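*Asks:* let me see the structure of the following:
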Amino acid sequence: MKQICLVCQNVDCKNRGSEQLMKELEKQVADRKLTNVEVRSYICFGACQDGPNIVLYPEKSWYAGVKMGDLNDILSHLAGGPDVKRLDKIDSSLKELIYQLLDTGVF
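*Replies:* Numbers count the residues shown, from 1 in each chain. This is a model prediction of the structure:
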């Protein structure tokens, strides 16, 4: 199953470096030959104060406050490793709302 790595590109996340995170994720996914992973931009997850935000779908893992130093752990997760628990900071009700939107194909 293809994993989609959604990287928020709204103003707050961009101001905190999400564009650079997305470019580096794209590069590393290609370098590691993670053919089952697709990196895509996402307009907003609604957790601006906690950004940059990255959501893995359909797995439904949400990473908040992501920094360049976190990407190796996220990439390891995308390659089949464990979740990055320290980046799972978002309220469960917001997560569920966004996951329901994603389940309807809104991305």
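
*Asks:* just how off-centre is stretch 100-107 within its chain?
*Replies:* The offset between the C-alpha centroid of stretch 100-107 and the centroid of the whole chain comes to 15 Å, using CA atoms, centre = their mean, to the nearest Å.

*Asks:* same question for stretch 5-13.
*Replies:* Centre to centre, stretch against its chain (CA atoms, centre = their mean), the figure for stretch 5-13 is 8 Å.

*Asks:* extract the C-alpha set from it and format it as PDB.
*Replies:* In PDB, the C-alpha atoms belonging to stretch 5-13 read as follows (Å, rounded to 0.1, in the frame of the first residue of the first chain):
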ATOM      1  CA  CYS A   5       3.400  11.900   3.400                       C
ATOM      2  CA  LEU A   6       1.400  15.100   3.600                       C
ATOM      3  CA  VAL A   7       3.400  18.200   4.500                       C
ATOM      4  CA  CYS A   8       1.500  21.300   5.500                       C
ATOM      5  CA  GLN A   9       2.300  24.300   3.400                       C
ATOM      6  CA  ASN A  10       0.200  27.000   5.000                       C
ATOM      7  CA  VAL A  11       1.700  30.300   6.200                       C
ATOM      8  CA  ASP A  12       2.500  29.300   9.800                       C
ATOM      9  CA  CYS A  13       4.100  26.000   8.800                       C
END
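
*Asks:* what bridges to the most centrally placed residue in the chain?
*Replies:* Against the mean C-alpha coordinate of the chain, by CA atoms, centre = their mean, the closest residue is Ile54 at 2.0 Å. When bridges are called by DSSP bridges, Ile54 pairs up with Val7, Tyr63.

*Asks:* which one's the longest helix in this structure?
*Replies:* Once the chain is assigned using DSSP state H, the helix that runs over the most residues is helix 18-31.

*Asks:* circling back to that earlier point, check contacts around the residue nearest to the centre of the chain.
*Replies:* Contacts of Ile54 were listed using CB atoms under 8 Å, 6 or more residues apart in numbering, and they are Cys5, Leu6, Val7, Cys8, Leu21, Leu25, Trp62, Tyr63, Val66, Ile74. For glycine as for every other residue, the C-beta is placed from the backbone atoms N, C-alpha and C.
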